[in-house]
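Please work out how this folds:
(one chain, ligands or ions: 2)
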Amino acid sequence: MNPDICRERENATFNTETLTNMLDGSAEKTRRRREIESLVINDPDFQHDDPNFMSRSERYDAAVKKSSQMIMKLRDYGISDPEEIYFYKRTARRTFHEAFGLHYTMFLPTLYSQCTPEQQKKWLPLAENFKALGTYAQTELGHGTHIRKLETTATYDPSTQEFVLNCPTVSSIKWWPGGLGKTSNHAIVLAQLYTLGKCHGLHAFIVPIRCMKTHQPLPGVTVGDIGPKFGFEEVDNGYLKLENVRIPRENMLMKYAQVEPDGSYLKPPSDKLTYGTMVFIRAMIVGESARALSKSCTIAIRYSAVRHQSELRPGEPEPQILDYQAQQYKLFPLLAAAYAFTFVGQYMSDTYHRITGHINQGDFSQLPELHALAAGLKAFTTWTANAGIEVCRMACGGHGYLCCSGLPDIYVTFTPTCTYEGENTVMMLQTARFLVKCYRQAREGQQLSGTVSYLNEQQRLQPQPVSSRPTVVNINDLASLVEAYKLRAAKLVEVAAKSLQGELQRSISQEDAWNNSSIELVRASDAHCHYVVVELFAAKLSEISDTAVHSVLNTLALLYALHGITLNSGDFLQLSQITQRIKALLVEIRPNAVALVDSFDYNDEMLNSVLGRYDGNVYESMFEWAKRSPLNRTEVRSFIIFNIIQKK
Ligand SMILES: CC/C=C\C/C=C\C/C=C\C/C=C\CCCCC(=O)SCCNC(=O)CCNC(=O)[C@H](O)C(C)(C)COP(=O)(O)OP(=O)(O)OC[C@H]1O[C@@H](n2cnc3c(N)ncnc32)[C@H](O)[C@@H]1OP(=O)(O)O
Ligand SMILES: Cc1cc2nc3c(=O)[nH]c(=O)nc-3n(C[C@H](O)[C@H](O)[C@H](O)COP(=O)(O)OP(=O)(O)OC[C@H]3O[C@@H](n4cnc5c(N)ncnc54)[C@H](O)[C@@H]3O)c2cc1C
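Residues are numbered from 1 along each chain as shown. Ligands and ions are numbered 1, 2, ... in the order given. Modelled structure (predicted):
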């Protein structure tokens, strides 16, 4: 064990196991999670070479083999709890996505949430036994964001009681769905529904695309892989062109909307219920932001504890780079954000399941807030985590740029979360739409609830415009900082609403007024989400009984809130002593930095990083890894070329 990393662990002021148990929910949950992870770690079937040493085709084949092995092994172990399946898979996946990813994350959830009981009876056994292997095909070459303008059509033929699916133009070709290119034999296809000559908008259809026996594309189906990407190399994101493909009427997902045999259309209680799967994934992505950022912090902070470089004081030995204030200022606010997002991810998942429970009982009243919250937190946390992963990579110097550091793979796998499942700017504008509506309701005296109730509060406190009120902050008191974030959010929502109002008074259209206020609208949503994150971090602290853990997390929460103020100082009164206080917090966190990342409890296999190894033996591992590179399988390559050059 590297002596530096040993010393770091000896200097910690809290018990990492206590914090790990808190993050898992209990000591028993930690034990069970580790037990499941060890099933993968000790399984020779999952000991394979680094995918970075493979070609794209080899990576895809290996991913399909791994997905298949996981299915069989989970069955053999009798593991069926979704959370335990997730622990097993994320250990086996390491940093990468799996070939059957879309089947689990979108195809199955859509069947669960949008099929009638009769449809579930038919499709769930097929899908749960992987006979029907599916994806979620919504995006087209011409449209990803603006789904009301998707062009694929599903036209009902009452004479045969079938839908005829068509991609009428090149821009209507389905493009991007994960697992579509080579893996899936079915797809949930989002298409404009036409019946009895009338268009009823976007609806979901189960479309067979490959023969379940031969896996050959079915008649009228053109399907394939869209080619190499920035990352996701083991996933066959694909294209799908449908030409007069007929499916039975019963293949339209009819839990909410129906087409009768004669073609008559029965509309849903809300036309946004078709969008439900997207809300689910957005809510889940918040937790993914926490995991990607916490893994990156684990790697960068452990490496910074064993890396010695330069000279702090002349004549002294080279210090650990973690002792540089600049290195701490890079990494510790990100460590604080990783903990904040871990708590927000738990809150988002709980809130999603609570509200969808009400929706399943027919109460749709909280759907607007769920959509706004999932959209905003997905954008806020992925933007922060995306940038943070890059800071962690660069904080590791040249070795961070090596694939064996794990950081490039974490980055290229995570970065599309800022785009897919709702492009982040578009999502922030969706949240802003909800905030402006709530602001107007508060102005009219309506009582708000949930995460926007502060808009009432600000109205009651002082009738004068919120934006004119000074922000007074006690920088050592988290509650005071939460109030500052609340006031900032209220201010920026008011600024956005007033910008809209001002635009409208110039008698331009609502749409142009909206577009001309987009900057204020996005900033209002960002401030709202930032307040929600700070508030939830503070609320979590009140649940922690262990004083040592409470103290170290309180320090992190203070750092997160104060650092956020310096990043947005224009919105707060710039408090000169904040920087000094931040420096003091960095010093306070320093002895606990490694223990704090240890508490995330990532085993080396899942971390997949020679820089972030638990034992800190970095250099030896880097050299062993490099020697396994395919280019080193022969001592001399391109000898012929050298020969030609030497002969000249
Ligand atoms: C088991 C899983 C476990 C773990 C998984 C964990 C993490 C996942 C990790 C990886 C996932 C793997 C792969 C994912 C791959 C990505 C897959 C995809 O990308 S699928 C395609 C995603 N596409 C989109 O997200 C499209 C984005 N665009 C839209 O959603 C819409 O076009 C829009 C921007 C919201 C606009 O819609 P529309 O034009 O209809 O609406 P308006 O803006 O006019 O507003 C009207 C009205 O509707 C309300 N509203 C809009 N959307 C929703 C919604 N989804 N739910 C509820 N309400 C909605 C909006 O608020 C307005 O309300 P109003 O103000 O009028 O009251
Ligand atoms: C790795 C990956 C996996 C994917 N998997 C799937 C999948 O499985 N299934 C699927 O259906 N799709 C999938 N997608 C597609 C994804 O959902 C879309 O790319 C995403 O919704 C963004 O849409 P777009 O590509 O059309 O971007 P665009 O909307 O064209 O975005 C381009 C720019 O336009 C801006 N813009 C667009 N609209 C507005 C607006 N109203 N106001 C202000 N600015 C605006 C955006 O902010 C952005 O800056 C995947 C994409 C990726 C990268």
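
Which residue is the nearest non-sequential neighbour of residue 606?
Once flanking residues are discounted, residue 606 sits nearest to residue 91: 5.1 Å by Cβ to Cβ, 6 or more residues apart in numbering. For glycine as for every other residue, the C-beta is placed from the backbone atoms N, C-alpha and C.

pLDDT score for the residue lying closest to residue 151 once chain neighbours are set aside?
Closest residue in space to residue 151, ignoring its immediate chain neighbours: residue 172 at 3.5 Å, by Cβ to Cβ, 6+ apart. With respect to pLDDT, residue 172 scores 94.

show me the contacts for residue 172.
Residue 172 makes contacts with 140, 141, 142, 150, 151, 152, as judged by Cβ atoms under 8 Å, 6 or more residues apart in numbering.

quick one on the thing from earlier: would you mind measuring from the residue nearest to residue 606 to residue 223?
32 Å (Cβ to Cβ, to the nearest Å).

Run a quick neighbour tally on the residue of the stretch 251-400 of the chain found nearest ligand 2.
Residue nearest to ligand 2 within the stretch 251-400 of the chain: residue 278 (8.6 Å; Cβ to the nearest ligand atom). By the measure other Cβ atoms under 10 Å, the count of residues near residue 278 is 23.

name the element it belongs to?
Following DSSP states H and E, one finds residue 278 within helix 276-306.

Let me see the mean pLDDT of that helix.
The model assigns helix 276-306 a mean pLDDT of 96.

So which elements touch that helix?
helix 3-11, helix 108-114, helix 325-360, helix 367-394, helix 407-414, helix 593-598, helix 604-607 (3 or more Cβ pairs under 8 Å, 6 or more residues apart in numbering; DSSP states H and E).

Can you check what angle separates it from helix 325-360?
Interaxial angle of helix 276-306 relative to helix 325-360 (axes from the mean of the first three to the mean of the last three Cα atoms, to 10 degrees): 160 degrees.

and helix 276-306, does that touch ligand 1?
Yes - contact of helix 276-306 with ligand 1 (Cβ under 6 Å from any ligand atom) involves 278, 279, 281, 284, 285, 288.

Is it possible to mark the buried ones in those residues?
Among the residues of helix 276-306 next to ligand 1, the ones that count as buried by 16 or more other Cβ atoms under 10 Å are 278, 279, 281, 284, 285, 288.

Now do the contacts for the second one.
Contacts for residue 279 were tallied using Cβ under 8 Å, 6+ apart; they are 352, 370, 371, 374, 375.

ok, and the closest non-adjacent residue to the third one?
Spatial nearest neighbour of residue 371, excluding adjacent residues (Cβ to Cβ, 6+ apart): residue 279 at 5.7 Å.

next one: the first one
If the residues on either side of it in the chain are set aside, residue 352 comes closest to residue 283, at 4.0 Å by Cβ to Cβ, 6+ apart.

In contact with the residue in the stretch 451-600 of the chain that ligand 2 sits nearest to, which residues?
Nearest residue of the stretch 451-600 of the chain to ligand 2: residue 518, at 6.2 Å (Cβ to the nearest ligand atom). Each residue near residue 518 by Cβ under 8 Å, 6+ apart is listed here: residue 429.

Tell me how far it lies from residue 496.
9 Å.

give me the subset of the contacts of residue 279 touching ligand 2.
Near ligand 2, by the rule Cβ under 6 Å from any ligand atom, you find none of the contacts of residue 279.

what would those look like in JSON lines with neighbour count?
JSON lines is the format used below for those (neighbours: other Cβ atoms under 10 Å):
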{"residue": "352", "neighbour count": "19"}
{"residue": "370", "neighbour count": "24"}
{"residue": "371", "neighbour count": "24"}
{"residue": "374", "neighbour count": "28"}
{"residue": "375", "neighbour count": "28"}
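
Adding pLDDT as columns, could you present those residues in TSV?
Below are the contacts of residue 279 laid out as TSV (pLDDT from 0 to 100):
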residue	pLDDT
352	95
370	95
371	96
374	98
375	98
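
wait, which of these is closest to ligand 1?
Using Cβ to the nearest ligand atom, the contacts of residue 279 come closest to ligand 1 at residue 371, 3.6 Å.

Residue 430 is in contact with that closest one, correct?
Yes - the criterion here is Cβ atoms under 8 Å, and residue 371 meets it with residue 430 at 6.8 Å.

Okay, and the nearest residue in space to residue 455 that is not next to it in sequence sits in which element?
Distances taken as Cβ to Cβ, 6+ apart place residue 442 nearest to residue 455, at 4.2 Å, with adjacent residues excluded. Using DSSP H and E, residue 442 maps to helix 424-443.

contact partners of that helix?
By Cβ under 8 Å, 6+ apart, the surrounding residues in contact with helix 424-443 are 145, 282, 368-369, 371-373, 375-376, 378-380, 382-383, 418, 422, 448, 452, 455-456, 458-459, 493-494, 496-497, 500, 518, 521-522, 524-526, 528-529.
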